[in-house]
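J.: Predicted model follows, preceded by the sequence.
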Number of protein chains: 2
Amino acid sequence: MHRVRVRVVEDALDANNTIARANRDDFDRHGVTVVNLMSAPGAGKTTLLERTLGHDGLDGVRAGVLEGDVQGSLDADRLAHLHIPVVQLNTDGGFGGECHLDANMVRSALPALPLDELDVLIVENVGNLVCPAEFRIGEDARIMVSSVAEGEDKPLKYPLMFRACELVIVNKIDLLGHVDFDMDRFLHHLDAVHPGVSVLLTSARTGEGIGELRAWFAGLPQRVGAAV
Amino acid sequence: MHRVRVRVVEDALDANNTIARANRDDFDRHGVTVVNLMSAPGAGKTTLLERTLGHDGLDGVRAGVLEGDVQGSLDADRLAHLHIPVVQLNTDGGFGGECHLDANMVRSALPALPLDELDVLIVENVGNLVCPAEFRIGEDARIMVSSVAEGEDKPLKYPLMFRACELVIVNKIDLLGHVDFDMDRFLHHLDAVHPGVSVLLTSARTGEGIGELRAWFAGLPQRVGAAV
């Protein structure tokens, strides 16, 4: 039984990569740079987006958001006031709800997205530290958000996730005095798992690091274009 | 493709339920009451177990722990000083690591567990708010831990998880003054999803609520026995 199951999952991953490449071609054709934003539940992804894309936004770079959730539209509703394109994608078509976005789900949302009006599309994945890292969706870059409230051991416990990203955001740093979290130790663990990965310290609550995150998003199309 | 995948997953679920019943029979034969402990990553499951099972433990009730993680033995190592049976189960035999425990994984760990010496076995699941709720492992009861740092919207975003448990622990209440978390609103959301579920407020850091949790574990074999 187990052997059969693993074989099917491998087939599914192959199909996923095929569809991810098709997504990527579509994004490239429309000149959209795509970010896959991942974290555990409650690490602060949506609040970071609210703070980052609000007010003056990304300094002329046109952003949109694709919200992935098992069900409901709470996160998309929270972003509605930003007056940017926001599309909600629910994963509960599966048996009890899929715990991650895959390329086919993202593909199903493409017709709802005004790709011609976007420079950057941020895809907020389902909150989960395991499976989202295993499914490419056609993105150019991946961000992993880790909250200091989750503890400093997370890179060691979920190494694939921390290895699969180009930027690690350590969020909720306003809580540093109130939780048992040793930043040096976290960074040491992170370095063991993904040496040299970029790190940004933020507090969506106080605004610390939000300017740097805005600059990271705003500069991404140029950096991705230069790398092609 | 998608259709095929869903069909296979349903087969896997059926097989899971068959094995879960076999596990349950084994646990019953040895007089072991089993708890499935679930939460998002970093909600504080392991620290709660350290605090609850340490010192005098469960007042004569003999406890053991089965630790589920994608890889590594960090959590089992943390519990080693409690001098109770602790077994680590890793899920990374799958493609990139399974994001949950299933009945077959737990079954593979049974020979390593001294069931005859246990009254209560606590199975700490992989940190994840989606899939663990979908796989029975042969447990008598399920606990869901939610940290106030994760936000008050979690019952609405992951309803299956909050619906699948007999006890909801709201942990890290020492952070209540430092995070945007309205307890009344959380409890209101929880009540909408799972009316009447038992709730325990805890801080593994300050010890608040730990006595009540100890009493909950210690009384479980009797409550489960009375219900049979």
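T.: Yep, it's here. Not measured: the values here are computed from a predicted model.

J.: Now do the contacts for the residue sitting nearest the centre point of chain A.
T.: Nearest to the geometric centre of chain A sits residue A:37, at 0.6 Å (C-alpha atoms, centre = their mean). Counting by C-beta atoms under 8 Å, 6 or more residues apart in numbering or on different chains, residue A:37 touches A:45, A:49, A:122-125, A:142-143, A:145. No exception for glycine: its C-beta is placed from N, CA and C like everyone else's.

J.: Adding secondary structure and pLDDT, write those out as CSV.
T.: Putting the contacts of residue A:37 into CSV (DSSP: H, G, I helix; E, B strand; the rest coil; pLDDT from 0 to 100) gives the following:
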residue, secondary structure, pLDDT
A:45, helix, 97
A:49, helix, 97
A:122, strand, 98
A:123, strand, 98
A:124, strand, 98
A:125, coil, 97
A:142, strand, 98
A:143, strand, 98
A:145, strand, 98
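
J.: Farthest-apart pair in these, please.
T.: Across those, the longest distance by C-beta to C-beta is 15.1 Å; it joins A:49 and A:142.

J.: Could you identify the helix or strand that succeeds the worst-scoring helix or strand of chain A on mean pLDDT?
T.: When the helices and strands of chain A are compared on mean pLDDT, DSSP states H and E, helix A:2-29 comes out lowest with a mean of 77. Sequence-wise, the next helix or strand beyond helix A:2-29 is strand A:33-39, with elements assigned using DSSP states H and E.

J.: Spell out which strands sit alongside that next one in the sheet and which way each one runs.
T.: Strand pairing for strand A:33-39, using DSSP bridges, gives strand A:120-124 (parallel), strand A:141-147 (parallel).

J.: Any chance of CSV for the ones you listed, columns mean neighbour count?
T.: What follows is the strands paired with strand A:33-39, written out as CSV (neighbours: other C-beta atoms under 10 Å in any protein chain shown):
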stretch, mean neighbour count
strand A:120-124, 26
strand A:141-147, 25
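
J.: Could I get those in TSV, plus columns for distance to residue B:205?
T.: As requested, those are exported to TSV (distance: least, C-beta to C-beta, whole Å):
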stretch	distance to residue B:205
strand A:120-124	30
strand A:141-147	16
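
J.: Distance check, the residue nearest to the centre of chain A against residue A:174.
T.: 20 Å (C-beta to C-beta, to the nearest Å).

J.: Likewise for residue A:151?
T.: Separation of residue A:151 from residue A:174 (C-beta to C-beta) stands at 16 Å.

J.: These two: who's more crowded?
T.: Per other C-beta atoms under 10 Å in any protein chain shown, whichever of residue A:151 and residue A:174 has more neighbours is residue A:151, with 21 against 17.

J.: quick one: the more buried one from chain B, how far?
T.: The gap separating residue A:151 from chain B is 5 Å, by C-beta to the nearest C-beta, to the nearest Å.

J.: Could you tell me the end-to-end distance of stretch A:203-216?
T.: Using C-alpha to C-alpha, to the nearest Å, the end-to-end distance of stretch A:203-216 comes out at 16 Å.

J.: Any buried residues in it, and which?
T.: Across stretch A:203-216, burial judged by 16 or more other C-beta atoms under 10 Å in any protein chain shown covers A:203-205, A:209-210, A:213-214, A:216.

J.: for stretch A:184-200, same thing?
T.: Within stretch A:184-200, the residues scored as buried using 16+ other C-beta under 10 Å are A:186-187, A:189-190, A:193-194, A:197, A:199-200.

J.: List the ones among these that fall in helices.
T.: Counting by DSSP state H, the members of the buried residues of stretch A:184-200 that fall within helices are A:186-187, A:189-190, A:193.

J.: What is the nearest of the contacts of residue A:37 to residue A:69?
T.: Using C-beta to C-beta, those come closest to residue A:69 at residue A:124, 8.3 Å.

J.: what about the closest one, distance to chain B?
T.: Noted for residue A:124: a distance of 12 Å to chain B, by C-beta to the nearest C-beta.

J.: Spit out the contact partners of that residue.
T.: Residue A:124 touches A:37, A:45-46, A:49, A:65-68, A:75, counting by C-beta under 8 Å, 6+ apart.

J.: circling back to that earlier point, and the residue nearest to the centre of chain A, what pLDDT?
T.: You'll see residue A:37 listed with a pLDDT of 98.

J.: Now do the buried residues in the helix or strand that contains residue A:105.
T.: When elements are assigned from DSSP H and E, residue A:105 belongs to helix A:103-109. The neighbour-count check on helix A:103-109 (16+ other C-beta under 10 Å) flags A:103-107, A:109 as buried.
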